[in-house]
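Asker: model the following, please.
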Amino acid sequence: MNPINRRQFVNRLSLTAAGTIAFSGLAYSSGKFMSGFGAEEFVTAESATGKLRGVRQDGVNIFKGIPYGGSVSGENRFRRPPKVEAWTGVRDALELGAPSLQTSGWGPKPAEDCLFLNVWTPANDNKKRPVMFYNHGGGYVTGSGGSGGQDGANLARYFDVVVVQTNHRLGLLGFLYLDEIAGAEYAGSGNMGVLDITAGLKWVNENIDRFGGDPNNVMVFGESGGGGKTSCIYAMPEASPYFNKASVESGPGVRMLTKDLAAETTEMVLKEMNIGKNDWRKLLEVSPEQLLEIQNKFMFIPPFQAEIGMPTMHGFGPVVDGSVLPNHPFDPTAPKISKDKPLLTGWNEDEYAFFAMQNRNTEFTKYTFEDLPSKLEAQFGDDAATIVNAYRTASPDATAPQIFMAVSSINMMGLGSIEIAERKTKEEGAPVYLYNFGYKSDMKIPGSDFPMGTPHAMDISYKFNNVQPPKEGEEQRRMFGDSSPASCKASHNFAELWTNFARTGVPSAEGAPEWPAYNFNDRPTMRIDTECTIINDRYNVELDMWRKIGKLHTV
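Answerer: Just a heads-up that it's a prediction; the model follows:
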């Protein structure tokens, strides 16, 4: 099996997103609050639209299923969310809200009306804590702000921050481009999913002080598809007033869909439903179930989107419409609108292992050096031999399967992350920090003796500090890794770096070396593990080769 490229990957992502959720830690936290953290007591908070009843659990106030936008079904389908109507009395915020329509997942049943968010805070005490606003992964077609692996309680509990996560429209409902056929009321239709996120950020701006957070110190971050969404938020004028810094993790959104490609997708959707362009309003009458069925017939767009010059591909994702998203997030330059906003970006060392596991691909584990060039040719053509030679020069002790893993992983997530870091650095504004996550799982890719290493999505539970030792009488939790002291230390390091970045704009952790901003002299990378290390000019031999063959675009 050949390595999948950054477009082919997401055709599979729609099938593997459930795995991202399942392996990110604890699957979904239950709709009701999980026990095991001590006694629960109800707490009440005031929002701009009414009172909310949450629960206090082992030092954290938790509010789930808070509406931040009105109904987006019926006549509001494909349109900006209306405001939430105020309520009287006290509204329960004890259960997760419905996620957007999708095929797979756990937790509440998906629904078209899905604009709910969750808040974890140490206290509703008007203290100005940094706010960490997370965009979930799952490409642009699955996922939720309620996954257990990304539960925000431990960040709030141990690092005195406020965590917010939203559900937002996905797939066809979130990204069907109707601007050219539906008129002004549907302007921005191809970006409703990220406009929902913007509405969530506006809710934070107007309400988070009542939850102990500082509306003027908000970090937006996200992994995989959440990294792509965060890249868009970083480049969107409408979102700009509501956040101060960002992190793009294992999902570098360098480029998004063009209007032409998005319009072609819309034509294909209409044709599939036997609806003419002039009758597009019939889309408002199609049942959600039918829309989901149509959505599943299309390929899906990567969180980092395609490189210019690659084969076209139709699907659903943010659109460079010239208005909501004026330009590609990081092409040809970093967005000027966020010049003064610090940025983190990076990837996991063995991203491809996740997809090998999900696709039950063990064939690559048997490759020899004689096999490698032919196995890479389908993707890299005449450059395949050059790639193999560079990797063998850089890592003379590596096996052929290890080189295949390294090539596949950096091509998926690493090259785009470096492009983001270099274009942000060239802007000469706020700093950007580049990282690799490297703690190694003790699991093997099923059906083989090849180690998982640090696969895609492993970072989720680690950066949320959700890798914890089992409590007395509790079985060890099996994530990608384990709950050993070393694994827990790596998780704490990751979480401390991220929460201090949220607090100050500079990532730091006790016992970790000072993390220099990325620059063109040293090109420093923080390797996050049980012990954190700064590596200057990491992968220099490989990256020089990627630049020469035109797969890594120099600035």
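Asker: can you name the element that comes right after the lengthiest strand in the chain?
Answerer: When the chain is parsed with DSSP state E, its longest strand is strand 213-223. Next along the chain after strand 213-223, taking DSSP states H and E as the criterion, comes helix 225-235.
Asker: give me the angle between that next one and strand 213-223.
Answerer: Interaxial angle, helix 225-235 versus strand 213-223 (axes from the mean of the first three to the mean of the last three CA atoms, to 10 degrees): 130 degrees.
Asker: figure out how far the very next helix or strand once past helix 225-235 is from the centre of its chain.
Answerer: Going down the chain from helix 225-235, the next helix or strand is strand 245-249, by DSSP H and E. Chain-centre distance of strand 245-249: 9 Å, with CA atoms, centre = their mean, to the nearest Å.
Asker: tell me, how many neighbours does the nearest residue to residue 227 once chain neighbours are set aside end up with?
Answerer: Nearest in space to residue 227, with sequence neighbours left out and distances taken as CB to CB, 6 or more residues apart in numbering, is residue 251 at 2.5 Å. In short, each C-beta sits where N, CA and C put it, glycine included. As a burial measure, residue 251 scores 29 neighbours (other CB atoms under 10 Å).
Asker: quick one: contacts for residue 251?
Answerer: Contact partners of residue 251, counting by CB atoms under 8 Å, 6 or more residues apart in numbering, are 137, 222-228, 230-231, 303-304, 413.
Asker: tell me what angle the longest strand of the chain forms with strand 245-249.
Answerer: Using the same axes, to 10 degrees, strand 213-223 lies at 20 degrees relative to strand 245-249.
Asker: could I get the buried residue list for strand 213-223?
Answerer: Using 16 or more other CB atoms under 10 Å as the test for burial, strand 213-223 gives 213-215, 217-223.
Asker: kindly report the same for stretch 355-370.
Answerer: 355-358, 361-362, 364-365, 367.
Asker: would JSON lines of the contacts of residue 251 with distance to residue 295 and pLDDT be doable?
Answerer: Shown next, in JSON lines, are the contacts of residue 251 (distance: CB to CB, whole Å; pLDDT from 0 to 100):
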{"residue": "137", "distance to residue 295": "18", "pLDDT": "96"}
{"residue": "222", "distance to residue 295": "21", "pLDDT": "98"}
{"residue": "223", "distance to residue 295": "22", "pLDDT": "98"}
{"residue": "224", "distance to residue 295": "19", "pLDDT": "96"}
{"residue": "225", "distance to residue 295": "15", "pLDDT": "95"}
{"residue": "226", "distance to residue 295": "19", "pLDDT": "97"}
{"residue": "227", "distance to residue 295": "22", "pLDDT": "97"}
{"residue": "228", "distance to residue 295": "18", "pLDDT": "96"}
{"residue": "230", "distance to residue 295": "23", "pLDDT": "98"}
{"residue": "231", "distance to residue 295": "22", "pLDDT": "98"}
{"residue": "303", "distance to residue 295": "17", "pLDDT": "44"}
{"residue": "304", "distance to residue 295": "21", "pLDDT": "43"}
{"residue": "413", "distance to residue 295": "25", "pLDDT": "96"}
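Asker: most surrounded residue in the residues you listed?
Answerer: With neighbours taken as other CB under 10 Å, the top of those is residue 303, carrying 36 neighbours.
Asker: what's the helix or strand for residue 114?
Answerer: Residue 114 belongs to no helix or strand, assigned by DSSP H and E.
Asker: might one say that it is in contact with residue 107?
Answerer: No: the criterion here is CB atoms under 8 Å, and residue 114 misses it with residue 107 at 11.8 Å.
Asker: name the residues contacting each of these two.
Answerer: residue 99.
Asker: picking that back up, and the residue nearest to residue 227, what pLDDT?
Answerer: What the model reports as pLDDT for residue 251 is 95.
Asker: ramachandran angles for it?
Answerer: Main-chain dihedrals, residue 251, degrees, to the nearest 10: phi -170, psi 60.
Asker: any weak-confidence spans in the chain?
Answerer: Within the chain, the stretches with pLDDT under 70 are 1-39, 105, 299-313, 473-479, 481.
Asker: report how many residues lie close to residue 240.
Answerer: 16.
Asker: same thing with the one 5 residues further on?
Answerer: The tally of other residues near residue 245 (other CB under 10 Å) stands at 25.
Asker: and for residue 323?
Answerer: Residue 323: 15 neighbours (other CB under 10 Å).
Asker: and for the one 10 residues further on?
Answerer: Using other CB under 10 Å, the number of residues around residue 333 comes to 14.
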